[in-house]
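Visitor: Here's a sequence, model it:
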Amino acid sequence: MENWTDDVNNGTAGNNTHLALGFASSVVSVVLFGSNFVPVKKFDTGDGMFFQWILCGSIWIVSLVVNIILHSPRFWPLAMVGGCVWATGNITVVPIVKTIGLGLGLLLWASTNLLTGWASSRFGFFGIDPEVVAKPNLNYAGAALSALSAIIFLFVKTEVKSAVLVTESESTPLLRTTINWAENTNTDESWVDKLSPFQKRIIGSLMAVVAGILYGSSFVPVLYIKDHSKNNESMYAGSSQFDLDYVFAHFSGIFLTSTVYFLIYCAAMKNHPKVYPQAILPGFISGFLWAIATCCWFLANNYLSAVVSFPIITAGPGFIAAMWGVLVFKEIKGLWNYLLLTLAFCIILSGSLLTAFSKI
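Guide: Presented below is the predicted three-dimensional model:
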């Protein structure tokens, strides 16, 4: 695999192929990230702990297949740290949705994710080498526009019918009920349900910001290994420069961490965890889509560099999720909402083009 990528990098034609593969991977990643919660939309996931464990199990299985295809490249334990960081951020998703909704939650964690991932790559935080682009001003502008697009989604409203009161509709932030209360007999309250509205707002917002920082830092260990492979005195000397070679270790960290958290949760619940069987298959599908999207993100990092891929891949999924709301779930209606989505799409496209041109 490394020989193939070396051949691709030779010459102008190879560089064009490099860019084409990078942007194609980014598009696939954006579409799948914007769609991966769709399978679980109509199913109750409770407090999210069981759902996350199923999701992460599916993710690990995908990485195992990828590892076999790549003929089992060297396993670097440090790459698992990125998976641990991501899984730690991900356990907050369900509480975030229940406290402030996916609209505001997505805005906060996507924006923080974008800025953390982009800045750490651009300026060399956490011991990694700063990424150099041919036109830095275009890269700055592209990252700023991508962050701006996330803010616009906050003003897009949805009309969602309750699973309990089917005649009741309400105006809520974009895709707020992505994790819905389905028809079920489980009425147990979680800790989130006991919070006051003010407490939900504060705690949910803080969790979303922390989640975004953790998400944006999850690629740092892989970038660190790659950068230090050039130092003959480093323990990582000679390590692979192909990002996909680290997927198995990264995803193993995700599954291991989620399993530890789930076991702690089971112990805290005195061996009576809240298990939702109806979420198993949808959760597995959701994990499969997320895993493929992340593999494509690894490829985009490899072919474009993280400083280019982060603004594109963190901003685009919000628009894809909105399109699901418009075309399939019919939750987004009205001329004003359509105008906002059109504006957001134009800004995302402009930001993506600017980051693309900054590489050339």
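
Visitor: distance of Val222 from Ser239?
Guide: Applying C-beta to C-beta, to the nearest Å, the value for Val222 to Ser239 is 10 Å. C-betas here are computed from N, CA, C, even on glycine.

Visitor: So which of the two has more stuff around it?
Guide: Using other C-beta atoms under 10 Å, the more surrounded residue of Val222 and Ser239 is Val222, with 28 against 22.

Visitor: The more buried one and Phe251 touch, don't they?
Guide: No. The criterion here is C-beta atoms under 8 Å, and Val222 misses it with Phe251 at 11.6 Å.

Visitor: same for the host helix or strand of Gly82, what does it pack against?
Guide: Secondary-structure element containing Gly82, defined by DSSP states H and E: helix 77-90. In terms of contacts (3 or more C-beta pairs under 8 Å, 6 or more residues apart in numbering; DSSP states H and E), helix 77-90 is packed against helix 49-69, helix 197-217, helix 220-228, helix 247-268.

Visitor: average pLDDT across the helix or strand that the longest one is followed by?
Guide: Downstream of helix 247-268, the next assigned helix or strand under DSSP H and E is helix 280-304. Per-residue pLDDT over helix 280-304 has a mean of 93.

Visitor: got the angle for whichever helix or strand comes after helix 280-304 vs helix 220-228?
Guide: As assigned by DSSP H and E, the chain's next helix or strand after helix 280-304 is helix 306-327. Angle between the axes of helix 306-327 and helix 220-228 is 150 degrees (criterion: axes from the mean of the first three to the mean of the last three C-alpha atoms, to 10 degrees).

Visitor: What residues of helix 306-327 count as buried?
Guide: 306-326 (16 or more other C-beta atoms under 10 Å).

Visitor: For Val30, find the nearest of the helices and strands packed on helix 77-90.
Guide: For the helices and strands packed on helix 77-90, distance to Val30 was read as C-beta to C-beta. The smallest value, 15.1 Å, belongs to helix 197-217.

Visitor: Which other helices and strands does that closest one contact?
Guide: When contacts are defined as 3+ C-beta pairs under 8 Å, 6+ apart, helix 197-217 sits against helix 77-90, helix 93-123.

Visitor: if we can go back for a sec, highest mean neighbour count across the helices and strands packed on helix 77-90, which stretch is it?
Guide: helix 220-228 (a mean of 22; mean count of other C-beta atoms under 10 Å).

Visitor: residues making contact with it?
Guide: Helix 220-228 is touched from outside by 76, 78-82, 85, 120-121, 125-129, 234-237, 239-241, 243, 246, 250, 298, 301, 306, with contacts defined as C-beta atoms under 8 Å, 6 or more residues apart in numbering.

Visitor: let's see it at 7 Å
Guide: The contact list for helix 220-228, computed with C-beta atoms under 7 Å, 6 or more residues apart in numbering, reads 76, 78-79, 81-82, 120-121, 126-129, 234, 236, 239, 241, 243, 246, 250, 306.

Visitor: what does stretch 248-268 give?
Guide: Under C-beta under 7 Å, 6+ apart, the answer for stretch 248-268 is 49, 52-53, 56-57, 59-60, 63-64, 66-67, 75-77, 79-84, 86-88, 91, 222, 273, 291.

Visitor: Using CSV, write out every CA atom in that stretch.
Guide: What follows is stretch 248-268, C-alpha atoms only, in CSV (Å, rounded to 0.1, in the frame of the first residue of the first chain):
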residue,chain,number,x,y,z
PHE,A,248,-7.3,-0.7,13.4
ALA,A,249,-5.4,0.7,16.4
HIS,A,250,-7.5,3.9,16.5
PHE,A,251,-10.8,1.9,16.3
SER,A,252,-9.5,-0.6,18.8
GLY,A,253,-9.1,2.3,21.2
ILE,A,254,-12.7,3.3,20.6
PHE,A,255,-14.1,-0.1,21.3
LEU,A,256,-11.9,-0.8,24.3
THR,A,257,-12.8,2.6,25.9
SER,A,258,-16.5,2.2,25.2
THR,A,259,-16.4,-1.3,26.8
VAL,A,260,-14.7,0.0,29.9
TYR,A,261,-17.2,2.8,30.2
PHE,A,262,-20.1,0.4,29.7
LEU,A,263,-18.8,-1.9,32.4
ILE,A,264,-18.4,1.0,34.8
TYR,A,265,-22.0,2.0,33.9
CYS,A,266,-23.2,-1.5,34.6
ALA,A,267,-21.5,-1.5,38.0
ALA,A,268,-23.0,1.9,38.8
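
Visitor: pLDDT (mean, whole number) over that stretch?
Guide: In this model, stretch 248-268 carries a mean pLDDT of 95.

Visitor: And it, how far out from the chain middle?
Guide: 18 Å (C-alpha atoms, centre = their mean, to the nearest Å).

Visitor: what's the answer for stretch 34-52, then?
Guide: From the chain centre to the centre of stretch 34-52 is a distance of 14 Å (C-alpha atoms, centre = their mean).

Visitor: and if you look at stretch 292-299?
Guide: Stretch 292-299 sits 10 Å away from the centroid of its parent chain (C-alpha atoms, centre = their mean).

Visitor: low-scoring stretches of this structure, by residue?
Guide: Across the chain, the ranges flagged by pLDDT under 70 are 1-14, 102-104, 107, 150, 153-154, 156-190, 329-332, 359-360.

Visitor: Would you check how far apart the closest residue to Asp193 other than its chain neighbours and Ser120 are?
Guide: Excluding its sequence neighbours, the residue lying closest to Asp193 (C-beta to C-beta, 6 or more residues apart in numbering) is Lys98, at 7.5 Å. Separation of Lys98 from Ser120 (C-beta to C-beta) stands at 30 Å.
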